[in-house]
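Participant: Coordinates for the following, if possible.
(2 chains)
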Amino acid sequence: MKFGILVNEGPFTHQASDSAYQFVKAAIEKGHQVMRVFFYYDGVNNANKLSAPQSDDRNLVKMWGDLAKEHNLDLVVCIAAALRRGIVEDNLAEGFRISGLGQLTEVGIAADRLVVFGD
Amino acid sequence: MSEEIEFDTAGITKKFMYVNRKAPYGTIYALEVLEAVLISAAFEQHAAIVFIDDGVYQIKKGQDTAAINMKNFSKTYGIIEMEKEDADEDEDMDMVWRIIVEKESMEARGLSADDFVVDVEVLPSAELAKVMAEQDVVISG
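Facilitator: Below you'll find the predicted structure:
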């Protein structure tokens, strides 16, 4: 199956991004395709490379980037939501790209399922 | 910036539902769902914009946000209504937009269909559930 993923929350206040990460990993392991992960609302904070969690905490920003590299994932951060929250090219973590909201609608159309992770 | 990736969506029309559950101010969800709906119009998909729970306050008439230092974006829902009217009138366009308020949420807050800045369909929860089950994509905020 071809999945699109929408992540609506940042990496710390909510579990949404962790759950999305685990889902994407499991889906790929089962042989499914993840066409795009779209980060919206506070979800754009998952792409902030200045994020520095304590050393005994998981680092989701890096985990998403590593997963993207390993599986050639398309991680897209909404530009309107990102600019508000100070996520720009200068502090964009590896593996992510910034683009428009149209990319969310587009993956909704193209994928078999859009799975939403949020509050 | 990494290379832009685009998918071929030509000729595909799906049913999108946007579920607004939160009050208009206090969190950013209402504003950012609205932005997503407006951008999606360019893709000429079916769309149901739904207001439930405190989300019904998003389209309440007479909002005054001066005291909380927030932009009053309630008038922007008029653009959704315009998109809906355009879709209804253009026979060549296969695009149906609906603006739906859940009856129970509306009544629990002492509101009626006349209290909203746009014309709405009022549907009881059970009927709304059926409409929701028919959707291809459900985005909530």
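Participant: now the helices for chain A?
Facilitator: Ranges of helices in chain A, per DSSP state H, are A:16-29, A:60-71, A:79-84, A:102-110.
Participant: for these, which one ends up most surrounded?
Facilitator: helix A:102-110 (a mean of 23; mean count of other Cβ atoms under 10 Å in any protein chain shown). C-betas here are computed from N, CA, C, even on glycine.
Participant: sorry, back to before: any idea which of the helices of chain A gets closest to chain B?
Facilitator: Evaluated over these, closeness to chain B peaks at helix A:102-110, with 3.8 Å, by Cβ to the nearest Cβ.
Participant: Can you name every helix or strand that the closest one contacts?
Facilitator: Secondary-structure packing of helix A:102-110 (3 or more Cβ pairs under 8 Å, 6 or more residues apart in numbering or on different chains; DSSP states H and E): strand A:2-7, strand A:33-39, strand A:75-78, helix B:29-40, strand B:137-140.
Participant: tell me the most buried of those?
Facilitator: strand A:75-78 (a mean of 27).
Participant: So which bits of chain B are right by chain A?
Facilitator: B:1-9, B:12, B:14, B:16, B:28-29, B:32, B:35-36, B:39-40, B:42-43, B:45, B:136-141 (Cβ under 8 Å from any Cβ of the partner chain).
Participant: give me the low-pLDDT residue ranges for chain B?
Facilitator: Residues of chain B that meet the criterion pLDDT under 70 lie in B:1-2.
Participant: would you turn the helices of chain A into TSV with mean pLDDT and distance to residue B:90?
Facilitator: Below are these laid out as TSV (pLDDT from 0 to 100; distance: least, Cβ to Cβ, whole Å):
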stretch	mean pLDDT	distance to residue B:90
helix A:16-29	98	37
helix A:60-71	98	40
helix A:79-84	98	27
helix A:102-110	97	19
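Participant: got those helices as a markdown table, with distance to residue A:6 columns?
Facilitator: As requested, the helices of chain A are exported to a markdown table (distance: least, Cβ to Cβ, whole Å):
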| stretch | distance to residue A:6 |
| --- | --- |
| helix A:16-29 | 8 |
| helix A:60-71 | 14 |
| helix A:79-84 | 12 |
| helix A:102-110 | 7 |
